[in-house]
Structures are given as structure tokens and as C-alpha cells.
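Here is my input, please return the structure:
(chains A and B)
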Amino acid sequence: MPSPKRIGKIEFGLLSPKEIRTMSVRKIIWADTYDDDGFPYPQGLMDLNLGVIDPGLRCKTCDQKASECPGHFGHIELAKPVIHVGYTRLIRKLLRVTCRSCSRLLLSPEEIQKVVGTEDDLTGDVLSEKDIKKERLCPHCGEQQLKINFEKPTTFSEIFVDDGKKIEHKLTPADIRARMEKIPDEDLRHLGINPEVARPEWTILTVLPVPPVTMRPSIILENGQRSEDDLTHKLVDIIRINQRFKENQDAGAPQLIIEDLWELLQYHVTTYLDNEVAGCPPARHRSGRPLKTLSQRLKGKDGRFRGSLSGKRVNFSARTVISPDPNLSVIEVGIPLAVANEMTIPVQANPFNIEELKQMVRYGPFRASLSQPCGANYVIRPDKRRIRLAEGNLETVVEMLEPGWTVERQIRDGDIVLFNRQPSLHRMSIMAHRVKVMDGRTFRLNPAVCPPYNADFDGDEMNLHIPQTEEARAEAAILVAVEENILSPRFGGPIIGGIHDHVSGIFMLTNQLKWHTKEEALYLLKNIEVEHLPKPGEEKGGVNLWSNKQVFSTVLPKELNMVFRASSCQNCETCKREMCERDAYVRIIDGILESGTIDKKAIGAFDGQIVNRIIRQYGMKRAAEFIDDITHLSIRAIMLYGFSFGIDDEDLSKTEYGQIDEVLTNAVNDVQRRIKIYEDGQLEAMPGRTPEETLEMQIMQVLGKARDRTGEIAGRHLGLGNSAVVMAVSGARGSMLNLTQMAGCVGQQSVRGERIMRGYDDRTLPHYKKGDRGSDAHGFITHSYKSGLNPTEFFFHAIGGREGLVDTAVRTSQSGYLQRRMINALQDLKVAYDGTVRTTGGRIIQFCYGEDGTDPMKSSFGDPVDVKGIVESILKEEV
Amino acid sequence: MHAEFDEAIENAELPVKTKGQLRTYLNGRDITEEQFITILERVIKEYMNTRIEACEAVGIIAAQSIGEPGTQMTMRTFHYAGVAEINVTLGLPRLIEIMDARKEPSTPTMTIYLQEEYSNDRDRAREVSWQIEAAPLHEFGDIVIDMENMQIVVQLNTQVCDKRKISVAEITEIAPRKIRDRRHYRDFDHEVEEKNAIMLFMPKDRESYQNLFQLAEHVRNVIVQGIDDIERVVVRKESGEYILYTEGSNLKDVFEVEGVDTTRTRTNNISESSQVLGIEAARNAIIHEALSTLSEQGILVDVRHIMLVADMMCMEGEVKQIGRHGIAGEKESVLSRAAFEVTVNHLLDAAVANEVDELSGVTENVIVGQPIQLGTGDVKLIAKPLN
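Take a look at the predicted model:
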């Protein structure tokens, strides 16, 4: 295969009138598009020389069909020159820096040198408007210069002073063009303009290129009517005015009329180029919608640059709702049969696979159940012609199939696909999974891969892409695969790991010491490939028993040694180690869990200590297997023990309710007491704060403490027998604060970190007296979610909740923009082969990446080497 | 630990940090030579494994690593960071502020460390704080408007002056001068009775009460001690020494105050750091500020990512913004700039200047549909098949 052509560089310049005429295939003079038969007018805007959009016709210039002809430019000869809006600022600058009579720079050669520097001196600047003094004499011809006024969008005028009166004299585009023409090339170079590609007079248009029809296709509505593109509409306007202008000019119309028409032509050309110019009413469609003209096509998020060129639409992709399937491996993705039947992979036929491919073609596009092998949807002949496989042609195609043909076969189990969820905030938002074709209509994924995608199952949808070439599949399998992305390059720790029930389940399994019968042990290990159970840890009454820690240890690699503290660790001053009553001291020696509870800290996403150690010691693949095992085990565990949460799990006993009431009454009274002190003027303000602010801070503190106290009271009653406590302690979901709010007291509602103050004059709601500073009047909720909120509390709760919603909405847009800016600023950086960080252009940013050349992903939470882990695993003790 | 072990660690090709970690973990432990050798081998092997690979698109990874957790950050602008009295912008707004390279942060603050003689003694620390905290005249005595004689009488409190280590003579000299220079109010005369510690201010226009009150306002609020920009100073004890936290920032003047440890004192105003201490200081300030903003929110981000951003911002010798008016807007490639923001203007200007896009960056090559020069797209080596 010949190597594809590469574009080396792109040069930018202006089109000269001559170039416009040369590249034009047709001069356009008629404003009409189609005649009564629906055939384009010759020399009209839809002239057949400009390319074709109707499938049946052939282009008159290149004789190709609509699908092949790229289109060709035409041109309009303008009756009089008009200004290009995009260049008004350049024109203003040039008018101000050049002489009005001889058009040379208003600086003597010495003055120029002062700014620009000598020819071989590269430090010089280009000249700007500021380098020239106002209204001076021309150093070359001695002409007095006048002030140039510019009025948006396209009016230029000179100001005379006559008898002390200011007289404004309008400059026509033709006048300006005449001046521009005279500016010598040398002077233009000093102004940062390359006269070879951009003479300034070319910014004043005398000929207008007419873009090919292919870039402004007309569409045919259901009623058979043609609807023209916005650009065509605008061009029609231009031609119409241009014609009228010419006629009037030839007829010798009065100056006033000529000027009016000139201005009208200028307006149409201006809006044709940019329909959002300041000081210029936008041209509108008949329906009142502003037209989308050239600038608008390029600009903005959905414009040509960001919408069509930087981001492209693709084939071979699918999108549907996602749902969880804990029985899948983390590296797999479940794909509905309906999707799998539509998606194909091209396979080139060769003598070795031709029989297999023939079989696939024989099956055709009809795969009705999971048990059937995959078929094929298309066959591509060596001449690139596609044959769609359908009921009738299967056997004939099989006959024809030979090496050199390509078969597009349906995807099947084990194929590699890219899986993605928007917003794609980091590279783990796209990962390669192995296909598992399944029933149903949703994509299925193991909940352990939710954190990198930030996915949940409340209706989220995800996209699937099928790599089409060997290179793409190789990259997907080696670089993008899930097992290669367990570590996050953000902080060098695992980002895939157990979540929610995985953590609760493994916590319940491993917490404290429990004994299981053989049946139970085998039930737990059902989905894990364990060849032999370890020796029973205990025998009781002739029954062999296995401890929960033994069961867990079967999934650990044999030589693993590590010691750490679980998330249930309370950070006691002196650690009781193995004697910890919470069983939070985790010790794994030679792959056996000697003590401790496995929870979020050990296997959770973001923390996963064990996962992290396995990656470093055994590699990513083993870690992926471990995550599979651990999730399967914990799901079995949670099924064995059972796990549920209901309204009565929030119930407390009478004593606790009494205590909570007492705490809250005391707090409310304390607040009243402080308010009294404040109102008596006895409150001593904190330094730098007003007494009022001090009071508010004190109240917040008192009420915050009161809520925490109710939490403690509730927590004392609810032990590890309570599911919510299990979830909070293990780190699976929620916190003790959530439990406090459900069972104890919801607490203070706040807006911007302060008590709720808004509402009516001097009060939040008409239920309270004006000036009431009491706790209940400003959003303190004494009830719990379980007991229910009273109407005012409910209202305050809604206020507090709304703030959170607004916050999220604002934050997403702001952080999205920040990220876009950062990506744009840093995207060209890479590590060169010499270890330096450079831009793709070759500029050095860092001499050694990150000052030590360590890959943050491979690092151990930032450290180049996980010394502690290595020492621990060899010495087999805590260090 | 054996001396030979120590020597082996010293001679190993490892970074200083790793060597230090090795020593701390092995020190005081009874280990065999065999164990030591395996440990050292494993450490060296892991060190070789963690080297960054060539062609890695480190810029994009850095941008994603800082941008992705942005959605998890709070928007709460104000927070009381450790010191209850001082407000600091935190969270996402602060991060945006750093990346924008604003001239002035919305809440400038300084952390002033003191020299040893001062940092252990609360009173001496307080003395330094008085030299820094802007104190208006009314804190030093009573100010009475004498309407009968159309004058303002300032009765200085000598006890306060003594406590604050400022002499009456100094105050009487500074106050009128500052009213003229700093507050730009000149229509007054003044007299001093130094032995009674009394100052008199008379407006030039003796007829207007309005002027008298205006002058009184100036007299009351004129800063006679401390640095004008620093509105408040809080003294706190942290890890065994007294540290000053300020609201407002003026690095240059604070450095001249006696007792200030200029090697550790810092401001959160990055552009000020850059002006006073230079671009390397600005780079460090960016890294420090960004890192502490992120970690305050409990977000773990590797320093290397932030370093890269800081290096990119400081590359040209001045702090450049991440965005339209900085790095992204000054790129060489026309297409890349056009694809970012203000599309049309970049294209029009490129035409006049006859700019050439060399198609070296990422966006440009995506636009023209070519492989990008990063990662696997950057590998030019092709294996020749064995025949």
C-alpha cells in the first residue's frame, strides 16, 4: 500500500481580484436560481458549472456526478468596490499611518528604524498606530494629514477644520482603495503585512467569489418546494442590488441615488460575510430568523471548527442505556444481541480463514439467539464494491468469495470494543472492553468500573465503538484496555475497585471471626475458580469449619504480605493492633488474612490498598482478576448474610428520644440566652467581627454541636447490626451524618454558609415575629427525616436544598470551561526521547518530566518507588 | 544498620527521596544480607519501571488530572481557613483565579513567618504585627471636632503609643504627610503640641462645615502605622512558632519590616510574587497555591501535573494566563487558535500576515485528518518484515 499523502503545511493569504477571476468557472449575473421546470438558470446562482447537488445531473465543469464533484467557484463583478468588514480595523490603521496624498508611511526612514530595527536585527517590532503622531505633516511630500474617523460598521471619513468648524468628509471605498494601491511594498512589510500574498487593496472587494453550490445546497421540502440555503439568499440580495446599481450607474442616475445604492450593496456584502457585526442590523430570513452567513458558519461550539473539524461523527458506534451485571468480569461489557447484529468488523479473506468466512456469509445477517455463531452483514469485493447480504444472495456470494475479498462479520464474544461515557473528562472515560453478547436491550457492565466512567444506572447511556483496523484493535488491547487503566494517572492509585454492595458484602464477610460450614464456604466461593478449599480451621462436633478470613484468603495471591489499617480504624492513640475491638488492623501474611476487616480502604475504588499492591507486585492483569474475584465473592457474601434497610432501622428507643429532646431543648434555650445577651448589648465581639456576626457564629456553633450530640446518641443505639451503620463504617455509602439526620435531627439549613436570612422584612416567614433571631425562625430543623418535618422546617429544607442544585449547575459549566482551556493550552506537550518535555513544535518546557522523570500513574501515590510495600512484602512485618 | 548496607543504598541509582525512605524503613531492623539484597533489587527494578515513557502526552494528562476533579469541588467562595477571622477564596473559584493569572486575587492574604528571635515570643510577634497592620489614627487617641474654632483636635494616648512602639513625634510627622500624599487631601493646615501630645488640624476654608467634617474623616482614617494594603493581621501559633496571617498583601514592604523571615514569608498573590521575587518564585507560588487549593478540597493530584501547568504558564518569563489571552491565544498554529476561541478574527489576521501553519500540534492534525504527533502517532520506526 502506498504511504498516504501528508499535508505538510497550510499557508494563509488574501485572494486578489485576479485570483478570484482565475479560479472562477462562471461569472454570475442572474439573481434567479431555477426556472419553472426546476432547471438551474445559466449564469444564475445554481449554474451547473458551479457543481451539482441533484443526483441525476452532471457537473458542467468536471463532468462528474453529484457525489464526486467537489464544486467550483464562480464570481460576481461588483459595480463599485466595497469594504470587507473583517478588515475594517486594518483599513483604519493603514489610513492613519499613511499619507493621504502620497500613501507612504508617515515616518522618515530613521524613525522607522527606531521601531523596526535594522534588517538583520530580529528584535524589532512591527509598526503600530501609536508610533505615529496625530495630524502631522508627511515627511515625504509635506502634505498636512487629517484625522480619520471610523464609524461602525464600515464608514470612514476625514475631518477638515474650516473656519474653526469641523467638516466631515466621507471616504468612499473607491477612495480608500486608491490610497491602498499606492502604499509601497516596503512600507507594508514594516506593518507586518506580506504584500506578496496580501496587498491591502484586496481587502476592498471589487469581485466577489461565489461559493460552489455544494456548500450551500438547497433542500426540497415535503411539499416539493425548494428551500434555499441562507448563503444563497444573501447572494441573491447582493446580485439584485448589484444589477440595479449597474443599471442606475449606466443611466447616469444622480449622485444621491448612487450613494444610497452603494451603501445598500455594502450592507449586503457586510452581512454576507458576517451577520453579527456591531452597529449593523442583522439580515433576516422571511420568518424573522437571522441568517447564518459565512462567519456564523465557522464560529462557536457547533461551527465548522469546533463542530465539524475538531470533532467528527463516526460510523460503527452504538448507544443505549446501561445497567449493572455483577456477574460480568470488569474487562467485559454486555452487548444486546440487536446491537451486536448491526455492528461489524471487516475481515480480509485469506486461504487460512476463507472457510470460516464462507460459513459466516452462509449465516448471513440473521443471528436470532446467543447460542448461534456470528454471521456477516456485508461483503466487500476487491474493487471496493459492497454487497449487502440478504436472504436471497447468501449462496451466490459464498461461491464468489475468495482471498482478497473482505467480509464484514458481526461482533461476537471476545471482540475488543471501546466503551465511553460523556462527559469524557479523563482518559479513563474511554476504555476497551471484551464483548459479551447478551439478551436484553441495555449495555451491561460490572459496577466496579463505574468510578472511572462516573456512571450510575439511573438512566445513564453510554457509547460503544468498534475499532475497524488491526492497528486500532492492537492499540485498544494494549493501551486502552480496562486492565491497563486500573491506575489513575491523576494520583497513582487504583480507580477501579469495589463500590457500594461490594464493600458492604466484603465487610460483612471479613469482620471479626466467623465460622462457616463447607456448604456455606462453597456457596461463597461458587463464582471463583478455587481448586481446593484450604484445610479447615476448626472442627466442632465432627463438622469441619472454615473461618471467614480463610474463605477470603482464597482470592489473595499466595505471596502477598501487607499490613494496614481499615477505614473503620478510629486512629486511636495507641494502636491495639491484632487486639483491635473493631478488627481494623489488617495483616496479610503470605496471602493469608491473619486479622482485620476488608473494606473500602482495602478494595474500594480510589483507595484499594490490596489492589494497589497486587498491581505493583503481580501486574495489572492479576489485579483485574483479583477485582473480579473480590466482587463475585462479596456479592455471594451479601446474599448469604442478607442486607436490607427499612424505615424501622431508624427507630430508636424511648430513652434515646428523651435524650435527643433534652439536647435540642437545651440548645434552643442556649441560643435564646445568647440572643438575650446580644440584645442587651453585653455580647463581646470577636476581633475583627461585629457583635452580630459573632452572635451568628456562636449560634451556628451551638446548633451544630447539638446536632452532633443527637448523632452520638442515635449512634450509641444503632450498632453494627444496623445496615446503615455497616455502610457508613465500611465506607460503602453514606456517613454517620446521614444517619444522624435520619434518626436524630436534620440540623441547621444554610445558604452560603450562614443561617437562612432571606424572605420578608426582618423575618424569613410570616409565621415568625419580626426580628426573631431564634433557631427555628432561621432554619434549624429539630426533627429527623424519620419523624418528619413540619411545614416551616420543610420550607427551609427546600431553600437549603436548592442552593446545592444551583451550585452544581454553575460548577459544571465553569469547570468544563476551565478544563477546555487547560487542554487547549497543554495538549501539544509530550515527553521526547531524551526525557525532556517539549511541545510538538520542539520547544522545551521541562528538562526532565516532573523533575524526576516519574510517571504519575506508575508512581505509588506520588512516590517513585513504593519502598514501604517492598520492605513489608519481604520482611513480612509492619514497617 | 550495617555500614555496607548504607553504602549500597548510597551507590544505588535512585533518587534521594527513595534512598531516604529506604533508610528510615530499614533502620533499626534486623535484616539478613539476603533480605537486603532482594529489597534493594526490587526497589531498583520498580524505580526503572516507573520511568515515564517517551511520546507520552503528558500535557493532556495533566490538564485532565486537574480539570476532572473540578466538578467535585465546591463553589463556596468564602471559607475560614484555619483562622476564623480571615476570609480566603477557595475551591473552584480559586483554581480558576490561579489559572487565569489575575493581577490581583479576590482575597489577597499573606503568611508571614518570623525570625527566630521573634517567632517564639508572643509579645515580640505582636510587635512585628503592629509594624505591619495598617492602623488608622483614631486607634491612637481621641479625635474631637471643635466646631467653635473650626478645628479638629487629636489627643494622642501616650500609653497606646508606647504599647505600640511608636513615638508621638513620629505620629505627628506621619499623619499630615500621609493625608496629603496618600489620601490626596491638601486643603488644611496643622499644628502640633508635642509635649501634650495634641495635634490640631484646620481646614483652609474656614467657612465650610462640610470641609471640616471631610477633613475629620481623613484625620480619623489616615494610616499612621503599618503597611497600607494590609488591613488585618492575626497572630497564631502553629507547630511551635508564631506566624502572622494577614488580610491584604504587600510583599515588598513586608520584607522590609524588621523580624520578618523573608525566606519563608509568602503571599497568595502570584503576580506580586513574580514582580518582587522573579519568575521562579511565581512558578513555585502557582504550584503551592494550586496544590493547597486542591488538597484543601480533599482532592489528590500528583504534583507533576501542577508543575507542568506552572512551567507552561511561566515559560516566557512572565506569568501567562491559561486561555485566550495567554498560552492558548499565542500559539503558533492558526488552526489551533481558530478552533479555540474567536475563530474568525484569527483566520482574517493570519491571511494578512501570511501566516503558515506547520501542522505540528494536535488540533491542526485532527482538523486536516492526519495522525497526531503524540503517543503511538509519534513513532516513526517501522519494522521491516523478515524475509
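
does B:Glu245 sit in a helix or strand, and which one?
Careful, residue B:245 is Tyr; it's not Glu. strand B:241-247 (DSSP states H and E).

should've said A:Arg96
According to DSSP H and E, A:Arg96 maps onto helix A:88-97.

buried stuff in that helix?
A:Thr88, A:Leu90, A:Ile91, A:Arg92, A:Lys93, A:Leu94, A:Leu95, A:Val97 (16 or more other CB atoms under 10 Å in any protein chain shown). No exception for glycine: its C-beta is placed from N, CA and C like everyone else's.

And the average pLDDT for that helix is what?
The pLDDT scores in helix A:88-97 average 87.

Among the buried residues of helix A:88-97, name the ones that also lie close to chain B.
A:Leu90 (CB under 8 Å from any CB of the partner chain).

Now for A:Ala432, which secondary structure element holds it?
strand A:430-438.

check whether that strand contacts chain B.
No: residues of strand A:430-438 contacting chain B under CB under 8 Å from any CB: none, with a closest distance of 11.7 Å.

just checking, what packs against the helix or strand just after that strand?
Toward the C-terminal end, the helix or strand that comes next after strand A:430-438 (DSSP H and E) is strand A:443-445. For strand A:443-445, the elements it packs on are strand A:317-324, strand A:332-336, strand A:430-438, strand A:461-465, judged by 3 or more CB pairs under 8 Å, 6 or more residues apart in numbering or on different chains; DSSP states H and E.

in the helix or strand bottoming out on mean pLDDT in chain A, what's buried?
One helix or strand of chain A scores below all others by mean pLDDT, DSSP states H and E: helix A:109-116, with a mean of 73. Judged by neighbour count (16+ other CB under 10 Å), helix A:109-116 contains these buried residues: A:Glu111, A:Ile112, A:Val116.

Stretch B:307-319 too?
B:Met307, B:Leu308, B:Val309, B:Ala310, B:Asp311, B:Met312, B:Met313, B:Cys314, B:Met315, B:Val319.

quick one: average pLDDT of it?
92.

what's the answer for stretch B:272-288, then?
pLDDT averaged over stretch B:272-288 gives 93.

distance of the closest residue to chain A within the stretch 151-300 of chain B from A:Asp607?
Here the residue of the stretch 151-300 of chain B nearest chain A is B:Leu300; by CB to the nearest CB that distance is 4.0 Å. Distance of B:Leu300 to A:Asp607, given as CB to CB, to the nearest Å: 10 Å.

and for these two, which residues touch both?
A:Gly493 (CB atoms under 8 Å, 6 or more residues apart in numbering or on different chains).

These two - which one has more neighbours?
A:Asp607 (20 against 16; other CB atoms under 10 Å in any protein chain shown).

you'd agree that one is up against A:Asp599?
No: with contact defined as CB atoms under 8 Å, A:Asp607 does not reach A:Asp599; the gap is 9.1 Å.

Pull up the overlap in contacts between those two.
A:Ser567, A:Gly731.

Show the model's pLDDT score for residue 349.
I went with chain A, as the question did not name one. 93.

try chain B instead
What the model reports for B:Asp349 is a pLDDT of 88.

Can you tell me the closest non-neighbouring residue to it?
Among residues not flanking B:Asp349 along the chain, B:Glu355 sits closest, at 7.9 Å (CB to CB, 6 or more residues apart in numbering or on different chains).

quick one, phi/psi of that neighbour?
B:Glu355 has phi and psi values of phi -70, psi 150 when expressed as degrees, to the nearest 10.

ok, it touching B:Val334?
Yes: using CB under 8 Å, B:Glu355 makes contact with B:Val334 at a distance of 5.3 Å.
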